[in-house]
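Participant: predicted model follows, preceded by the sequence.
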Amino acid sequence: MAKQYAKLAKFLSTPADFSTQASELSAALQEYYIPLKAEGLRGAFSYLFGVVASCYGFSKSNVFLNGRVSHPDFASIVRNRVLFRDRYYRPYGEYSHAIQWLVSAMELGDHVATLYQHSVDYQSKDRFKVDDNKETQPFLWNFLVDCFEAKKKGAEDYATNLFADSFRCPQYTTVNLDQTLPTKSWLGSFIQKVLGSDLNFQQFLDLFYSALQ
């Protein structure tokens, strides 16, 4: 499973590849969203997103997170393969995490839903910098899809910090989804409007380095 996580990290760290697949998701959602909306279906986007997600091994349901959630409660959501809309911290983007994982599943296969499910189970024994004077022992979830913007924090270093200017960062995902797609993206425009461990973490990092080469 470590190699699969490494491939996922590499994909999220390669904006051109992510953008290409995101454009496919955008086209698919646009095709079906417009007639559903015309029929007056409330929550058309959430419903459609759930249908597409279920085709890649995720739950058909999705939930709202409206405030800070404890790790046990958050982990319960993720372990059930439920994608969520995050309203706690707006710059992250309400749909950013859901898009990160669904686009990855479209590119790499439905086993990504299993990676999603277990990303909250593995926690680093080492400490990673998240700010100038703050370090944490991140879960694999944080390393993969919940990094901080490198341009605001410091240079990205996979071995020592959780900084990234790539789709591993939810803020980057929200801001750049529309700008980095090969063509004008319906999905990007829509989003802008809404504006424990059997895994040795060092082993994962080593595999991640190898995948980047």
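Facilitator: Alright, I've got the coordinates. Numbers count the residues shown, from 1 in each chain.
Participant: doesn't Arg85 fall inside a helix?
Facilitator: No: Arg85: not assigned to a helix; according to DSSP: H, G, I helix; E, B strand; the rest coil it is strand.
Participant: can you pull the contacts of the residue lying closest to Cys55 once chain neighbours are set aside?
Facilitator: Spatially, and ignoring its direct neighbours in sequence, Cys55 is nearest to Asp110 (8.0 Å; CB to CB, 6 or more residues apart in numbering). Any C-beta I mention is one placed from the backbone N, CA and C, and that applies to glycine too. Asp110 makes contact with Cys55, Tyr56, Gly57 under the criterion CB atoms under 8 Å, 6 or more residues apart in numbering.
Participant: burial count for the second one?
Facilitator: Applying other CB atoms under 10 Å, we find 20 residues neighbouring Tyr56.
Participant: return the set of buried residues in the host helix or strand of Ala28.
Facilitator: Using DSSP states H and E, Ala28 falls within helix 15-38. Buried residues in helix 15-38, counting neighbours by 16 or more other CB atoms under 10 Å, are found at Phe18, Ser19, Gln21, Ala22, Ser23, Leu25, Ser26, Leu29, Tyr33.
Participant: name the helices or strands packed onto that helix?
Facilitator: helix 2-12, helix 44-54, helix 96-108, helix 170-180, helix 186-193 (3 or more CB pairs under 8 Å, 6 or more residues apart in numbering; DSSP states H and E).
Participant: could you measure from Asn161 over to Tyr172?
Facilitator: Computed as CB to CB, to the nearest Å, the Asn161 to Tyr172 distance reads 15 Å.
Participant: so where's the chain shaky on pLDDT?
Facilitator: 88-93, 178-186, 188-213 (pLDDT under 70).
Participant: what about 90?
Facilitator: Along the chain, the model assigns pLDDT under 90 to residues 1-2, 15-16, 19-20, 22-49, 62-69, 85-96, 130-133, 148-160, 171-213.
Participant: for the most far-flung residue of the chain relative to its centre, what are its contacts?
Facilitator: Distance to the chain centre peaks in the chain at Glu39, reaching 30.4 Å (criterion: CA atoms, centre = their mean). Residues near Glu39 by CB under 8 Å, 6+ apart: none.
Participant: on that earlier part again, now distance to Asp146 too, for the contacts of Asp110, in JSON lines please.
Facilitator: Below are those laid out as JSON lines (distance: CB to CB, whole Å):
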{"residue": "Cys55", "distance to Asp146": "25"}
{"residue": "Tyr56", "distance to Asp146": "20"}
{"residue": "Gly57", "distance to Asp146": "21"}
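Participant: Gly109: how many residues sit nearby?
Facilitator: Gly109, neighbours per other CB under 10 Å, totals 14.
Participant: show the backbone phi and psi for it.
Facilitator: Per-residue torsions, Gly109: phi 120, psi 170 (degrees, to the nearest 10).
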